[in-house]
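> I would like the atomic coordinates for the input below:
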Amino acid sequence: MRLPPAAIRSDTDEPDGIGITPGGFGGSLWESATLAAALHHHFVDNQQLFERIPATPVEWSGRLAMHFVSWLGRDLSYMSANMVDDEHALSVQIPTYLRRRHCIHPNFLAAHLSSGKQASALDHHPILQRYWQLALENKLATDDEVRDFENSGPPDDQLAPTPSGGDNPCGRISPSALRPIPQRRPGDEPNIAIIVLNFNTSEMTNQLAGYLNHRLDYGRKWVYVIDNGSDEPPLFATDKLPRNLGFTNGMYAGYRIASARDDYDAFWLLNSDVSFDYGNAVLRNLVDVLFSSDDYAQIAPQHNSTHPFMEHVDEVATVLPLLEPTATLIKRSTIERLGFWDLDMVMGYGTDHDYGYRIRRAGLRSVVTSRARIHHVQHQSMTDFDEYNNRALAQEDLVLGAKYGADWRRVLDEI
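Have a look, this model is predicted:
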């Protein structure tokens, strides 16, 4: 039940008071079936009080419930992300980002039967009976419809608890878990998980997520935006890690999250600071080349890099000793056979040398294709690149030295 603005109190100290909780989330009402039932009966018994509320829209900048809303069509593109908290994103984050406000319209008054913890304990039948009678009095229902309801009697069992067990007001579960997974059919293009790792680059990540979802030319894809413990997570984050796990472990967490939600053929591991300035067919071309040979384990587009050999290639599939982990598309079969990057190289340096070596030793190949190019802005999540670079190089030398010996560079160049 949503109280009209004039009846909402934010300063109540009563144990059973119905007020606005900090952030507009939770509170005594959605926890209590008794309060919910009392409010429904109060509404039916005192309709005239609610009808006297001025019709002037009430501007509102806080959280709103998503049960009865309307949106401007031009804003729909901002709502396509796989949101962790849809109510907060749609009623707080998106309006803030767009610098617009929303409002409550008192002329539209609706009763929401139950939410969260209310649902498993609320006796719905007598409440619905009163609403049917109210509908009959206002000629919105017929005698036969009301009689049919009354003859149906109360259900044998109360409604089952919400999927969350009442831990959130609307009983939501993970948006990714709710999405339908299409059946795989012969001839379908490979199913690709796009994993974008974000750390304190929210503006760039939001733009990138919008592009990947709406403009990138590829059908069987799903975009996972993994926030790696940022101060301000991006609006389009699909999953939020509890703290910064570092580059390698953050990507691995994204891989695990995606693997648990669908059956993917490959994983595209994207830095958040990349841009697509050379056409929208990058992923399609990467997929076409990668799956053209069983020998190809991973592929990357051309892009500016600390490895000059990645900046320009002449062949559709140029075999290289390693790939910079900026926009690497890796087959699932590669990870199942060789494992993921070495998680001891937390900061990311050395994963290119190590994984390239493991791929070559397994008789597989890493390729860059002339059919795809992106731009890497570089170092956008680092406040002090020199300090990060020095620590990452030291970590790379320590880990690879322990695995392959002090002359690890010579060893990794052997194959």
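> what's the longest strand in the protein?
Ranked by number of residues, the top strand in the chain under DSSP state E is strand 365-373.
> who touches whichever helix or strand comes after that one?
Sequence order places strand 375-376 as the next helix or strand after strand 365-373, per DSSP states H and E. For strand 375-376, the external contacting residues (Cβ atoms under 8 Å, 6 or more residues apart in numbering) are 271, 273-278, 303-305, 326-327. (Each C-beta comes from the backbone N, C-alpha and C, glycine too.)
> over to stretch 390-406?
Under Cβ under 8 Å, 6+ apart, the answer for stretch 390-406 is 342, 344-350, 353-354, 408, 411-412.
> please flag which of the residues you listed sit within helices.
Applying DSSP state H to those, the entries found in helices are 353-354, 408, 411-412.
> closest to residue 267 out of the residues you listed?
Of all the ones in helices among the contacts of stretch 390-406, the one with the least separation from residue 267 (Cβ to Cβ) is residue 354, at 17.5 Å.
> wait, that closest one touches residue 345, no?
Yes. Counting by Cβ atoms under 8 Å, residue 345 is a contact partner of residue 354 at 7.1 Å.
> before we move on, the earlier item: the ones in helices among the contacts of stretch 390-406: which two are farthest apart?
354 and 411 (10.7 Å).
> what ranges do the strands span in the stretch 201-350 of the chain?
Here the stretch 201-350 of the chain has its strands, by DSSP state E, counting those that start in this stretch, at 221-227, 239-240, 266-271, 274-275, 296-302, 318-320, 327-331.
> quick one: work out the angle between the fifth one and strand 365-373.
So the one you mean is strand 296-302. Between the axes of strand 296-302 and strand 365-373, defined by axes from the mean of the first three to the mean of the last three Cα atoms, to 10 degrees, the angle is 30 degrees.
> partners of strand 296-302 in the sheet?
Applying DSSP bridges to the sheet, strand 296-302 is found paired with strand 327-331 (antiparallel), strand 365-373 (parallel).
> what's the closest non-adjacent residue to residue 340?
Of all residues not flanking residue 340 in the chain, residue 252 sits nearest, at 5.3 Å (Cβ to Cβ, 6 or more residues apart in numbering).
> check the gap between that neighbour and residue 330 for me.
Counting by Cβ to Cβ, to the nearest Å, the separation of residue 252 from residue 330 is 12 Å.
> tell me which residues touch the residue nearest to residue 123 when sequence neighbours are not counted, please.
Leaving out its chain neighbours, the residue that sits closest to residue 123 by Cβ to Cβ, 6+ apart is residue 37, at 6.9 Å. Contacts for residue 37 (Cβ under 8 Å, 6+ apart) come out as 122-123, 127.
> which residue lies nearest the spatial centre of the protein?
Geometric centre of the chain, nearest residue: residue 238, 1.4 Å, by Cα atoms, centre = their mean.
> columns neighbour count and pLDDT on top of the ones in helices among the contacts of stretch 390-406, output as CSV?
Listed next are those as CSV, based on neighbours: other Cβ atoms under 10 Å; pLDDT from 0 to 100:
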residue, neighbour count, pLDDT
353, 21, 91
354, 21, 93
408, 20, 88
411, 15, 78
412, 22, 76
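> what stretches of this structure score poorly on pLDDT?
Along the chain, the parts satisfying pLDDT under 70 run over 1-28, 30-31, 66, 74-86, 114-120, 152-184, 378-383, 415.
> rerun at 50
Scanning the chain for pLDDT under 50 picks out 1-16, 157-180.
> before we move on, the earlier item: among the strands of the stretch 201-350 of the chain, which is nearest residue 189?
The nearest among these, by Cβ to Cβ, is strand 221-227 at 9.4 Å.
> by contact count, what packs against that closest one?
Secondary-structure packing of strand 221-227 (3 or more Cβ pairs under 8 Å, 6 or more residues apart in numbering; DSSP states H and E): strand 192-198, helix 202-214, strand 239-240, helix 247-261.
> pick the most deeply packed of the ones you listed.
Among those, strand 192-198 has the highest mean neighbour count (mean count of other Cβ atoms under 10 Å), at a mean of 26.
> let me know the outermost residue of this structure.
Distance to centre of the chain, Cα atoms, centre = their mean, peaks at residue 143 (47.3 Å).
> returning to what we had before: would you reformat the ones in helices among the contacts of stretch 390-406 as TSV and include distance to residue 211?
As requested, the ones in helices among the contacts of stretch 390-406 are exported to TSV (distance: Cβ to Cβ, whole Å):
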residue	distance to residue 211
353	30
354	31
408	38
411	40
412	35
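> return the closest of those with respect to residue 263.
Nearest member of the ones in helices among the contacts of stretch 390-406 to residue 263, counting by Cβ to Cβ, is residue 354, at 27.3 Å.
> which residues touch the residue lying closest to that closest one once chain neighbours are set aside?
In space, and not counting its chain neighbours, residue 354 is closest to residue 342: 5.2 Å by Cβ to Cβ, 6+ apart. Shown here is residue 342, whose contacts under the criterion Cβ under 8 Å, 6+ apart are 248, 350-351, 354-355, 399, 403.
> re earlier: from the chain's centroid, how far away is the longest strand of the chain?
Centroid displacement of strand 365-373 relative to its chain, using Cα atoms, centre = their mean, to the nearest Å, is 29 Å.
> could you do stretch 29-41 as well?
Distance of stretch 29-41 from its chain centroid, counting by Cα atoms, centre = their mean, is 32 Å.
> give me the buried positions along it.
Under the neighbour-count criterion of 16 or more other Cβ atoms under 10 Å, stretch 29-41 has 29-33, 35-37, 39-40 buried.
> please name the residues that touch the residue lying closest to residue 188 once chain neighbours are set aside.
Leaving out its chain neighbours, the residue that sits closest to residue 188 by Cβ to Cβ, 6+ apart is residue 220, at 6.6 Å. Contacts for residue 220 (Cβ under 8 Å, 6+ apart) come out as 182, 188-192.
> try 10 Å this time
182, 184, 188-192, 262, 264-265, 287 (Cβ atoms under 10 Å, 6 or more residues apart in numbering).
> ok, and the most crowded of those residues?
Most neighbours among the contacts of residue 220, by other Cβ atoms under 10 Å: residue 192, with 25 neighbours.
> would you quantify the distance from the residue lying closest to that one once chain neighbours are set aside to residue 308?
Spatially, and ignoring its direct neighbours in sequence, residue 192 is nearest to residue 221 (4.7 Å; Cβ to Cβ, 6+ apart). Distance check for residue 221 against residue 308: by Cβ to Cβ, it reads 30 Å.
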